[in-house]
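Trainee: predicted model and sequence below, questions to follow.
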Amino acid sequence: MSDRGLLIEFGGLPGTGKSTLARLLAHDTKAVWLRIDEIEGAMRRNGLTPEQTGIAAYSVAHDVATNHLQRGLTVIADAVNPVAEARDGWRHLAADVEADHVVVETVCPDTAEHRRRVETRGSDLPGWTYPSWDQVHQLMTEYQPRTGNHLVLDTTRPVNDTYQELTAHLTRRTP
């Protein structure tokens, strides 16, 4: 087993299956699962406004991830990561602690299915409200295309098929 930690960075629009896959992976691997929605939800329950929680939640996640990665653990970062600055933060974090870094982007190219997911999902986080389809649609216009080496998972396929592709990719990437 390597002493290096492993950072698995999930990114993608809300409703594309990031948390579904991250949850499965965390369960199967016993990895640390850092979910930005969960961190933001806790901050909001403690009096912070949505305007105050965005960047702060990423900062909290980075601090928590650093400690676990330095101990050689696997950390799953589950966040939209819509812009280069957010993605660079994870990349720099992995480099700073000399952790391996795998990037996974989830996409749902079927617009009707994506909308159905966004409009019908319930919250599994106390006090958390997921974005509406209008908010996700607006985020689509702001979401910057990813560059660099990363796995793109089309989540319109069955979850088991997508998860199998993810785990095969991780097996090839890790020592």
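Mentor: Arrived safely.
Trainee: in contact with residue 93, which residues are there?
Mentor: Shown in contact with residue 93 (CB atoms under 8 Å, 6 or more residues apart in numbering): 7, 62, 65, 66, 69, 99. C-beta: built from backbone N, CA, C; applies to glycine.
Trainee: how near is it to residue 55?
Mentor: From residue 93 across to residue 55, the span is 14 Å (CB to CB, to the nearest Å).
Trainee: repeat for residue 168
Mentor: On the measure of CB to CB, residue 168 and residue 55 end up 34 Å apart.
Trainee: check residue 103 too.
Mentor: Residue 103 is 20 Å from residue 55, by CB to CB.
Trainee: these two: which is more packed in?
Mentor: More neighbours surround residue 103 than the other of residue 103 and residue 55, with 21 against 12 (other CB atoms under 10 Å).
Trainee: surely the more buried one touches residue 149?
Mentor: Yes: when contacts are counted by CB atoms under 8 Å, residue 103 is listed as touching residue 149 (7.1 Å).
Trainee: does residue 153 count as helix, strand or coil?
Mentor: Under DSSP: H, G, I helix; E, B strand; the rest coil, the three-state class of residue 153 is strand.
Trainee: which residues of the chain fall in helices?
Mentor: 18-29, 36-45, 50-70, 84-96, 111-120, 133-142, 159-173 (DSSP state H).
Trainee: tell me which residue is most central in the protein.
Mentor: residue 78 (2.1 Å; CA atoms, centre = their mean).
Trainee: that residue contacts residue 33, correct?
Mentor: Yes: Residue 78 is in contact with residue 33 according to CB under 8 Å; the separation is 6.5 Å.
Trainee: contact partners of the strand of greatest length in the chain?
Mentor: The longest strand of the chain (DSSP state E) is strand 100-107. By CB under 8 Å, 6+ apart, the list of residues contacting strand 100-107 from outside reads 2, 4-13, 16-18, 21, 87, 90-91, 94-95, 146, 148-155, 166, 169-170, 173-174.
Trainee: now do stretch 165-173
Mentor: For stretch 165-173, using CB under 8 Å, 6+ apart, the contacting residues are 8, 21, 25, 28, 100, 102, 104, 151, 153.
Trainee: the same query, at a cut-off of 7 Å, please.
Mentor: 21, 25, 102, 104, 151, 153 (CB atoms under 7 Å, 6 or more residues apart in numbering).
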